[in-house]
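Engineer: The sequence and its predicted three-dimensional model are supplied below.
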Amino acid sequence: MSTPPTGRILLVTGTGTEIGKTVVTAAVTALALAEGLRVAVVKPAQTGVTADEPGDAEEVRRLAGDEPTFVELARYPEPLAPATAAARSGLPPVTPGQAAAAAAELARTHDLVLVEGAGGLLVRFDADGGTLADVPAALREFDQEAAALLVTEAGLGTLNSTALSAEALRARGVRLLGLVIGSWPQAPGLAARCNLADLPLVAGAPLLGAIPAGAAPGGGSPEADRAAFLSTARSALGQILVKIFE
């Protein structure tokens, strides 16, 4: 076998859909680029967009810049779980092995490879039941390891879904690097404020930051929007690179 890859691989997953995974992926990407790191972003399965519509990779590019390498393995037009969307479209599903192979190859030439899932952690990729949580096991065949970053919600109900996701990662031997709240409200209620202390307890992992609601700017020049987003990322996730590379 050739020389094993040396870049870090980080799964960006979540407790559900539409909770801020892409914004968190963009924030980590922006921070890494600002430190001069070589970054790649892998989207194993993009659902709910047609071939000519922008997906999550385009949103990361809009917020963080054109420098990263972007790889999208499969795209399905209906906004469904990848396995269901693949079956309904007649297109082949993506598998954990394919996602692992892409990430391992990119890790040979990049310092950080971010693999962003679709929906929650255990959303099915294929008819065999493969999920993002199975990618680390597949990566071991390439002599590579991966940790996970879990994006969660702020308010009432988040503790149960966060605990279950963390438990699923532990059951598969995947290291949970930490949690990020994907959208922190401008006026947090009692549950959200209490969850700042409770989320790390139920997950058994540190809370690494919280992205403020509405953090993805728009309407200005691309340069101004990216500068504003980088400033927000530094405030929200200032120490996350230290955690990734420790």
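Structural biologist: In hand now; what should we look at? Numbering: from 1, shown residues only.
Engineer: Name the next helix or strand downstream of the longest helix seen in the chain, please.
Structural biologist: Determined from DSSP state H, the single longest helix within the chain is helix 222-237. With elements assigned by DSSP states H and E, the helix or strand that comes after helix 222-237 is helix 240-245.
Engineer: Pull out the buried residues from that next one.
Structural biologist: By neighbour count on 16 or more other CB atoms under 10 Å, the buried set for helix 240-245 is I240, L241, K243, I244. The C-beta positions use only the backbone N, C-alpha and C, and glycine is treated the same way.
Engineer: and the residues you listed as CSV, adding pLDDT and distance to A227?
Structural biologist: Listed next are these as CSV, based on pLDDT from 0 to 100; distance: CB to CB, whole Å:
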residue, pLDDT, distance to A227
I240, 96, 19
L241, 96, 18
K243, 95, 24
I244, 96, 23
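Engineer: Max pairwise distance over those: which two?
Structural biologist: Farthest pair in the buried residues of helix 240-245 (CB to CB) is L241 and K243. Separation: 7.2 Å.
Engineer: re earlier: closest one of the buried residues of helix 240-245 to G97?
Structural biologist: I244 (24.0 Å).
Engineer: so the closest one touches L114, yeah?
Structural biologist: No - contact criterion CB atoms under 8 Å: I244 and L114 do not qualify, at 9.7 Å.
Engineer: what sits in contact with each of those two?
Structural biologist: Common neighbours of I244 and L114, using CB atoms under 8 Å, 6 or more residues apart in numbering, are L10, V28.
Engineer: how near is V12 to V180?
Structural biologist: 9 Å (CB to CB, to the nearest Å).
Engineer: E105 - how many residues pack around it?
Structural biologist: By the criterion of other CB atoms under 10 Å, E105 has 17 neighbours.
Engineer: Let me know the secondary structure of it.
Structural biologist: helix (DSSP: H, G, I helix; E, B strand; the rest coil).
Engineer: And stretch 176-193, what's buried?
Structural biologist: Using 16+ other CB under 10 Å as the burial criterion, the residues of stretch 176-193 that qualify are L176, L177, G178, L179, V180, I181, G182, S183, W184, P188, A192.
Engineer: and the residues you listed as a markdown table, adding pLDDT, distance to K21 and secondary structure?
Structural biologist: Below are the buried residues of stretch 176-193 laid out as a markdown table (pLDDT from 0 to 100; distance: CB to CB, whole Å; DSSP: H, G, I helix; E, B strand; the rest coil):
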| residue | pLDDT | distance to K21 | secondary structure |
| --- | --- | --- | --- |
| L176 | 98 | 15 | strand |
| L177 | 97 | 14 | strand |
| G178 | 98 | 14 | strand |
| L179 | 98 | 12 | strand |
| V180 | 98 | 9 | strand |
| I181 | 98 | 12 | strand |
| G182 | 97 | 7 | strand |
| S183 | 97 | 11 | strand |
| W184 | 97 | 15 | strand |
| P188 | 97 | 20 | coil |
| A192 | 97 | 19 | helix |
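Engineer: of those residues, closest to G36?
Structural biologist: L177 (21.4 Å).
Engineer: who touches the residue lying closest to the closest one once chain neighbours are set aside in this structure?
Structural biologist: Closest residue in space to L177, ignoring its immediate chain neighbours: A147 at 4.4 Å, by CB to CB, 6 or more residues apart in numbering. Contact partners of A147, counting by CB under 8 Å, 6+ apart, are R8, I9, L10, L11, V174, R175, L176, L177, I244.
Engineer: is it fair to say the fourth one lies in a helix?
Structural biologist: No - counting by three-state DSSP, L11 is not found in a helix; it is strand.
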